[in-house]
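In: how would this look folded up:
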Amino acid sequence: MLLNLLLDLIIGAASGWLITVLMKMDSSNMIFNCALGLIGGIVAGFLGSLLGIGAHGLIGSMIFSVAGGCLCVWAYRKFITR
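Out: Numbering: from 1, shown residues only. Have a look, this model is predicted:
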């Protein structure tokens, strides 16, 4: 249980960094970027469960987290910052 939480935090941090590179964000606020990676993983997991697909293993979790994080960044840029 605790190991899974730690692994999720590490995956979220790594995907937050990757989201920063892919979406050309400011890399000075890494806490925000890591939070986007974690939220992206939750969003992608929820959407994946609705579609009947899931992430298995480290690579699958990373892909889901990055995809969901990019979706969150897009929504943040589209609806929150104007």
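In: give the contact list for the closest residue to residue 33 other than its chain neighbours.
Out: Nearest non-adjacent residue to residue 33, counting by CB to CB, 6 or more residues apart in numbering: residue 16, 4.0 Å away. To be clear about C-beta, it is placed using only N, CA and C from the backbone, and glycine gets the same treatment. Neighbouring residues of residue 16 by CB atoms under 8 Å, 6 or more residues apart in numbering: 30, 33-38, 69.
In: quick check, distance from the helix or strand of the chain with the lowest mean pLDDT to the centre of its chain.
Out: Ranked by mean pLDDT, DSSP states H and E, the weakest helix or strand in the chain is helix 30-51, scoring a mean of 80. Here helix 30-51 is found 4 Å from its chain centre; the criterion is CA atoms, centre = their mean, to the nearest Å.
In: Repeat that for stretch 26-33.
Out: 13 Å.
In: which parts of that stretch are buried?
Out: residue 33 (16 or more other CB atoms under 10 Å).
In: and residue 27, how far is that from residue 79?
Out: With distances taken as CB to CB, to the nearest Å, residue 27 is found 23 Å from residue 79.
In: same deal with residue 5?
Out: As for residue 5, its distance to residue 79 is 30 Å (criterion: CB to CB).
In: same check, this time on residue 44
Out: Taken as CB to CB, the span from residue 44 to residue 79 is 18 Å.
In: Those two: which has the busier surroundings?
Out: The residue with more neighbours, out of residue 44 and residue 79, is residue 44; 25 against 8, by other CB atoms under 10 Å.
In: Now that one: closest residue in space that isn't a chain neighbour?
Out: residue 68 (2.9 Å).
In: three-state assignment of the one you found?
Out: helix (DSSP: H, G, I helix; E, B strand; the rest coil).
In: Residue 19 contacts residue 71, correct?
Out: No. Using CB atoms under 8 Å, residue 19 makes no contact with residue 71, being 10.0 Å away.
In: Quick check: neighbours shared by these two?
Out: Common contacts of residue 19 and residue 71 (CB under 8 Å, 6+ apart): residue 40.
In: Looking at these two, which one has more neighbours?
Out: residue 19 (24 against 17).
In: neighbours of the residue nearest to residue 54 when sequence neighbours are not counted, just the number please.
Out: Leaving out its chain neighbours, the residue that sits closest to residue 54 by CB to CB, 6+ apart is residue 48, at 5.5 Å. Number of residues near residue 48 (other CB under 10 Å) recorded here: 16.
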